[in-house]
Structures are given as structure tokens and as C-alpha cells.
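1. no letters, just coordinates:
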DNA sequence: CCGGATCCAACGAGATACTG
DNA sequence: CAGTATCTCGTTGGATCCGG
């Protein structure tokens, strides 16, 4: 017993990973953090994402309570998304990832 | 400008994601955090991982400076792995993920 | 403007068999 | 004991076309 840190229970970390899983989900959350709300706005803020993927992800995220969707049915139709308390609570994780990424920035492919 | 948080630059977060990517990498890092060192020991500590995947991941992680490998060529051969400073520095992220997972524990399929 | 439906390509991951 | 080499397969992601 010479470690000072507690044992880490992988299953809780896996739960977190489940929510963050996929190529685009974190990008979308960050886009919303950064103040984007409208569908097109979000799409434009994330380089290379396609409408198809954005739709799929937003759908999943709505079902899993990560975003809240509201719609103004006038024409042209306007849809806005916002983070929920649930996804807001992911902020500390993203913050740590940002810090780590900044510290270790180097060419990656 | 009514947000208190800074804008998050997705590219740094993506760098971090690159290092943590894959089904098993984080489990392996956590296993090493938890004090496992030998190949078999690591394998036994991660439910359902196969030798194939463990080998592939450890190989990748060695090449990317996430683990250090040392070998005792006597018979039976013994190989030990340990985390590097580089991967140790991921601890704050994992810690936040653990906290989040604990707070939001619920059935996930 | 905001998507859904469909189909296809690419990649990650597992099974199996073999080696120093 | 500690791996490697293939091969197959399921899942993810992307392109394209269509609808409210």
C-alpha cells in the first residue's frame, strides 16, 4: 500500500464515456457552450460536420436529455437548441481536457 | 457578451480525445493507476478485454509515450508496464469523469 | 430552414491460430 | 509468459435524395 491515490472504479468512467461517445458529440456541446443555438449556426461552427451527422447527434442528445430543443414554426422555420443542466455539468471534464490539450499541444497527423 | 465562461477551443479538446480514443485505452490507464503492472495482471483486471486488444493498445501506447515497457527475459518471461509522466498528467481528467459518472449513475443498457 | 430515410464505405474490434 | 498475424464482422460515419 504505497499509493496515495484512491482506486478508480472504471465503471463510472465508462458511464461518462457513454455520454461523450462519438466523433461529434463533444464538439456540439462545446459549440453550445460557446453560445451557438440555431441549427445552421451550430453546423457552421463545427468544421466538416455534415447535416446528417448533426441531426443524428442532436436527436440522440435530445432523447438523452443533453440538449433541449425549441421550435418556432413560422416560415422560415427556426429551431434552437440549448444545453440542459445535465450537460452543463460536464463542464469540469471539458475544462480539464482543454487544459491538458493546451499543455501537450503537438502535431498529430 | 453575457457569458462568464471563456470560449472553448475545440481543437485542444480533440487532441486530448485522440490520446484517450478507443474502447480500452482508458481502462488500461486506470488499471495501471490502480497498481497493476504485469501483462496478465492488467488483462485480468479489465473484464472482457482480449489479449489481442490489450497487445494492440499497449503497443500504441508505448509508441505514443503513454506507457513504459520493461522486460525481464528470464523464463518465464516477465514484462511490466508503467505510466509515464505524460499519461500521469491525465489524472485530473479521469478524476472529473469519475466524479461525473458517480453523480449521474443510472442504468445504461 | 430543418431535417428524415436510405444506402454504402471505412474503421474498430473480436476470433482464431501461431511464435519466441 | 507475452505476445503477433490475419481474417471477419458489426458499428459509425458520410453522401445523396426527399419531405414538412
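-> Sure, I can see it. On a predicted model such as this, the values are computed, not experimentally measured, just so you know. Numbers count the residues shown, from 1 in each chain, chains lettered A, B, ... in the order given.
2. for chain A, which residues score under the pLDDT cut-off?
-> A:1-4, A:107-109 (pLDDT under 70).
3. please work out which residue of it is closest to DNA strand D.
-> residue A:23 (3.2 Å; Cβ to the nearest atom of the strand). Every C-beta, even on glycine, is put in place using the N, C-alpha and C of the backbone.
4. now that residue: closest residue in space that isn't a chain neighbour?
-> Computed as Cβ to Cβ, 6 or more residues apart in numbering or on different chains, the closest residue to residue A:23 that is not its neighbour in sequence is residue A:53, at 7.6 Å.
5. just the element for the one you found, please.
-> Using DSSP states H and E, residue A:53 sits within helix A:51-63.
6. neighbouring contacts of that helix?
-> Contacting residues not belonging to helix A:51-63 are listed as A:22-25, A:28, A:39, A:42-43, A:46, A:67-69, A:81, A:87 [Cβ atoms under 8 Å, 6 or more residues apart in numbering or on different chains].
7. and chain B, is whichever helix or strand comes after that helix touching that?
-> Past helix A:51-63, further along toward the C-terminus, the next helix or strand under DSSP H and E is strand A:67-72. No - residues of strand A:67-72 contacting chain B under Cβ under 8 Å from any Cβ of the partner chain: none, with a closest distance of 15.7 Å.
8. now check strand A:67-72, is it near DNA strand D?
-> No - Strand A:67-72 lies apart from DNA strand D when judged by Cβ under 7 Å from any atom of the strand; the minimum separation is 10.1 Å.
9. strand partners (parallel or antiparallel) of that strand?
-> For strand A:67-72, the paired strands and their directions (DSSP bridges) are strand A:78-83 (antiparallel).
10. what angle do helix A:51-63 and the partner strand make with each other?
-> 60 degrees (axes from the mean of the first three to the mean of the last three Cα atoms, to 10 degrees).
11. would you turn the contacts of helix A:51-63 into TSV with neighbour count and secondary structure?
-> Putting those into TSV (neighbours: other Cβ atoms under 10 Å in any protein chain shown; DSSP: H, G, I helix; E, B strand; the rest coil) gives the following:
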residue	neighbour count	secondary structure
A:22	15	coil
A:23	13	coil
A:24	17	coil
A:25	18	helix
A:28	27	helix
A:39	18	helix
A:42	22	helix
A:43	17	helix
A:46	17	coil
A:67	23	strand
A:68	15	strand
A:69	13	strand
A:81	21	strand
A:87	22	helix
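12. looking at the residues you listed, spot the one nearest residue A:100.
-> For the contacts of helix A:51-63, the residue nearest residue A:100 by Cβ to Cβ is residue A:25; the value is 18.4 Å.
13. give me the number of residues near the closest residue in space to that closest one that isn't next to it in sequence?
-> Of all residues not flanking residue A:25 in the chain, residue A:57 sits nearest, at 5.8 Å (Cβ to Cβ, 6+ apart). Counted with other Cβ atoms under 10 Å in any protein chain shown, the burial measure for residue A:57 works out to 21 neighbours.
14. that older thread, nearest to residue B:73, of the contacts of helix A:51-63?
-> Using Cβ to Cβ, residue A:23 is the member of the contacts of helix A:51-63 that sits closest to residue B:73, with 41.6 Å.
15. and the closest one, how far from residue A:56?
-> Distance, residue A:23 to residue A:56, by Cβ to Cβ, to the nearest Å: 11 Å.
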